[in-house]
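1. got a sequence here, can you model it:
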Amino acid sequence: MKIEDYGIIGDMHTVGLVGLNGSIDWLCVPRFGSDACFAALLGEEGNGHWKICPKESVLQTRRAYQGNTLILATEFTTESGIARLIDFMPVGGKNREVIRIVEGVAGAVVMNMHLVIRFDYGRTVPWVRHLEEGGLIAIAGPNALMLRTAVPLQGEELSTVARFSVAAGERMAFVLTWYPSHEEAPGPIKVEPALDGTRRYWEDWAARCKYRGPWHAAVLRSLLTLKALTYAPTGGIVAAATTSLPEFIGGVRNWDYRFCWLRDATFTLYSFMTAGYTEEARAWSDWLLRAAAGDPAQLQIMYGLAGERTLPEFELGHLRGYENSRPVRIGNAASEQFQLDVYGEIMDAMHAARASGIKTDQQSWHLQRHIIDFVMAHWRDPDEGIWEIRGPRRHFTHSKMMAWVAMDRAVKAVEQFGLTGDVEAWSAVRAEIHDDICRQGFHTGRRAFTQYYGSVELDASLLMMPLVGFLPVLDPRIISTVEQIERELTADGFVLRYRTSASGHVDGLPAGEGAFLPCSFWLADCLYLMGRSAEAAALFERLLAVRNDLGLLAEEYDPKAARQVGNVPQAFSHVGLVNTAHNLSPKTLAPAEERSAV
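-> You can find the predicted model right below:
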């Protein structure tokens with residue numbers, strides 16, 4: 001299936017992808033990145049999946065989330081009747097569970113169930129034994145899965161199958177529970193109370209949303225998605241639920257996104273704060289400070305959901321990848337890169353938190369001062385840049401700009417919030433960085449800021465210049481840069497990060513990737529700030545139109561193929577949607593104005 005054919009269910013510990021055909025093809029438990037993983041999305045037939053669908057041909061399939069929840073209902077219409085499949089993960093329980101309820105809506109429908117359990121990304125076939133009371137237990141190494149159901153099961157070629165009929169008014173439940181194999185199997189869950197409790201939780205959470213603009217439904221679905229991508233015990237927000245979904249079908253730009261990126265921090269804070277979710281914003285802020293604690297020289301651009309630092313990258317050669325897009329990668333070597341911009345992101349996030357009323361203690365400010373000391377000593381160094389270039393280090397213009405942001409927010413911490421620091425020295429370095437960027441980052445012949453010093457190439461990250469307040473949005477250099485990005489760095493109106501090259505001269509990789517959706521939201525923000533409100537709204541509507549039928553966005557969009565590409569659901573894309581909606585909505589707090597006016 002296409003990437004947009006999947007919806008998500010989750011419990012803020014893990015996420016499952018549910019296909020339009022009734023198949024759960026991607027499920028990591030108990031946390032993102034665990035080796036207890038169904039891997040059909042990445043692999044070949046015979047790898048893990050759990051499909052429940054009608055035996056006969058389906059005439060029509062409709063699906064939707066039930067209200068403002070993560071309870072997904074898929075309705076299959078056949079010649080003999082209509083059956084509904086309800087998928088969800090209970091919230092707040094001790095165990096990680098997936099519950100699937102088959103409900104008869106009209107007539108009588110014969111259903112098939114096919115369960116293939118493969119741990120360790122499809123490499124490990126578990127030992128399975130059936131339970132006398134109905135169901136089964138599958139064990140391999142540290143992982144165990146228990147399936148409970150009243151439907152009779154049978155084994156078939158290292159998988160489990162069932163055939164049953166459901167008539168109008170009947171409901172049949174399947175409960176899949178993960179637990180550590182060395183522990184006693186957990187007791188049964190009461191399905192209907194779990195469904196009711198999960199529905200109440202999500203509806204109550206959604207009711208707290210303070211956004212009242214014209215795109216309320218889209219904003220709320222994005223916020224629910226961000227909440228689903230949050231790891232409840234720590235407050236960390238994963239960049240996406242998947243790994244190695246390609247940025248270009250058949251290409252090699254296939255990365256593991258099941259980690260937390262520091263550079264998402266400020267955008268994420270604004271998306272939660274402006275919508276009224278201060279609790280989530282505070283948890284994310286606390287996670288950020290814990291992850292960044294330590295020697296600034298050892299700061300990473302990304303961490304695990306609990307702040308893990310060791311994220312080694314390796315390839316799974318036994319998997320052919322999504323639509324033959326190899327390699328399939330686990331872990332992310334970019335965690336070892338030096339990216340100067342993340343220091344600015346931390347300082348900007350902390351500034352946004354203070355401005356939003358989230359208090360930080362003296363220990364937090366002590367850490368931030370160490371970060372400033374590091375920036376002062378290293379802002380002249382080349383780095384790998386925001387796009388995690390796997391080529392040589394360069395003096396990327398965006399990286400230098402974010403070093404300026406770090407110094408600027410440090411100065412404002414003293415001037416606006418009364419914290420202690422050497423404002424005179426910090427102001428001098430801030431001015432020095434600003435002059436350096438304007439002198440070396442702006443190409444006079446091209447009349448635009450360029451990707452790195454001495455380059456003539458454009459880069460969508462430079463759309464951030466007015467958004468972070470580096471230069472006024474109506475500065476002629478900004479206007480010219482934005483206009484050239486519109487003209488030369490878009491595909492069917494959607495923004496590319498930069499022009500990839502067959503020679504890989506910029507990033508060391510073959511050419512080819514989709515339009516980067518967060519950058520497209522940035523362009524809409526810039527157009528709005530420039531007074532081009534109608535064009536900004538038109539671009540925003542086009543971005544809303546590429547969401548799938550459930551309101552979900554991947555990382556990128558391929559305008560030629562008219563399909564989503566990259567990992568899904570992508571937190572950065574949904575954060576961009578929420579913030580741009582606020583920017584374009586009358587009488588709401590506008591993150592672009594807040595951040596650019598600091």
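2. can you give me the helices in the stretch 51-200 of the chain?
-> 119-122, 191-207 (DSSP state H, counting those that start in this stretch).
3. return the longest one as CSV; C-alpha atoms alone will do.
-> Only the C-alpha atoms of helix 191-207 are listed here, as CSV (Å, rounded to 0.1, in the frame of the first residue of the first chain):
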residue,chain,number,x,y,z
VAL,A,191,-12.4,-4.8,26.2
GLU,A,192,-15.5,-2.6,26.3
PRO,A,193,-14.4,-0.6,29.5
ALA,A,194,-11.0,-0.2,27.8
LEU,A,195,-12.6,1.2,24.7
ASP,A,196,-14.8,3.6,26.7
GLY,A,197,-11.9,4.7,28.8
THR,A,198,-9.6,5.3,25.8
ARG,A,199,-12.4,7.3,24.1
ARG,A,200,-12.9,9.5,27.1
TYR,A,201,-9.2,10.1,27.5
TRP,A,202,-8.7,11.4,23.9
GLU,A,203,-11.9,13.4,23.9
ASP,A,204,-11.1,15.1,27.2
TRP,A,205,-7.6,15.8,25.9
ALA,A,206,-8.9,17.2,22.6
ALA,A,207,-11.4,19.4,24.5
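4. quick check: buried residues in that helix?
-> 191, 194-195, 198-199, 201-202, 205-206 (16 or more other C-beta atoms under 10 Å). All C-beta spots, glycine's among them, are computed from the backbone N, C-alpha and C.
5. ok, residue 153 touching residue 161?
-> Yes - using C-beta atoms under 8 Å, residue 153 makes contact with residue 161 at a distance of 7.3 Å.
6. the more surrounded of the two?
-> residue 153 (19 against 15; other C-beta atoms under 10 Å).
7. contacts only, for that one.
-> 130, 134-136, 147, 160-162 (C-beta atoms under 8 Å, 6 or more residues apart in numbering).
8. max-length helix in this structure?
-> As assigned by DSSP state H, the longest helix anywhere in the chain is helix 397-417.
9. now the contacts of residue 153 as JSON lines including pLDDT and distance to residue 394?
-> Output for these, formatted as JSON lines (pLDDT from 0 to 100; distance: C-beta to C-beta, whole Å):
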{"residue": "130", "pLDDT": "93", "distance to residue 394": "60"}
{"residue": "134", "pLDDT": "89", "distance to residue 394": "61"}
{"residue": "135", "pLDDT": "94", "distance to residue 394": "57"}
{"residue": "136", "pLDDT": "96", "distance to residue 394": "55"}
{"residue": "147", "pLDDT": "97", "distance to residue 394": "52"}
{"residue": "160", "pLDDT": "95", "distance to residue 394": "53"}
{"residue": "161", "pLDDT": "97", "distance to residue 394": "55"}
{"residue": "162", "pLDDT": "97", "distance to residue 394": "57"}
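10. of these, closest to residue 357?
-> Relative to residue 357, the closest of the contacts of residue 153 is residue 147; by C-beta to C-beta it sits at 46.9 Å.
11. wait, that closest one touches residue 126, no?
-> No - using C-beta under 8 Å, residue 147 is not in contact with residue 126, being 11.6 Å away.
12. what sits in contact with each of the two?
-> Joint contacts of residue 147 and residue 126 (C-beta under 8 Å, 6+ apart) are residue 138.
13. which of these two has more neighbours?
-> residue 147 (25 against 22).
14. all strands for the stretch 301-450 of the chain, in order.
-> Remark: strands assigned in the stretch 301-450 of the chain by DSSP state E, counting those that start in this stretch are 302-303, 314-315, 329-330, 442-443, 448-449.
15. list the contacts of the fourth one.
-> Meaning strand 442-443. 448-450, 455-456, 477.
16. partner strands of that strand, parallel or antiparallel?
-> strand 448-449 (antiparallel) (DSSP bridges).
17. then the third one?
-> For strand 329-330, sheet partners with direction are given as strand 314-315 (antiparallel), following DSSP bridges.
18. then the first one?
-> Based on DSSP bridges, the strands next to strand 302-303 in the sheet, each with its direction, are strand 260-261 (antiparallel).
19. following the partner strand, which helix or strand shows up next?
-> Note on strand 260-261: by DSSP states H and E, the next helix or strand toward the C-terminus is helix 265-274.
20. residues in contact with that next one?
-> 210-211, 222-223, 226, 237, 278, 280-281, 284-285, 288, 345-346, 348-349, 352-353, 356, 571-572, 574-576, 578-579, 582, 588-589, 591, 594-595.
21. what is the mean pLDDT for that helix?
-> The pLDDT scores in helix 265-274 average 94.
22. could you export it as CSV, CA atoms only?
-> C-alpha atoms of helix 265-274 as CSV (Å, rounded to 0.1, in the frame of the first residue of the first chain):
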residue,chain,number,x,y,z
ALA,A,265,12.2,21.9,20.1
THR,A,266,11.1,25.5,19.5
PHE,A,267,8.5,24.7,16.8
THR,A,268,7.1,22.0,19.0
LEU,A,269,6.9,24.2,22.1
TYR,A,270,5.0,26.9,20.1
SER,A,271,2.6,24.3,18.6
PHE,A,272,1.6,23.1,22.1
MET,A,273,1.7,26.4,23.9
THR,A,274,-0.4,28.3,21.4
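23. and residue 326, how far from residue 252?
-> 7 Å (C-beta to C-beta, to the nearest Å).
24. before we move on, the earlier item: closest to residue 429 out of the contacts of residue 153?
-> Using C-beta to C-beta, the contacts of residue 153 come closest to residue 429 at residue 147, 60.4 Å.
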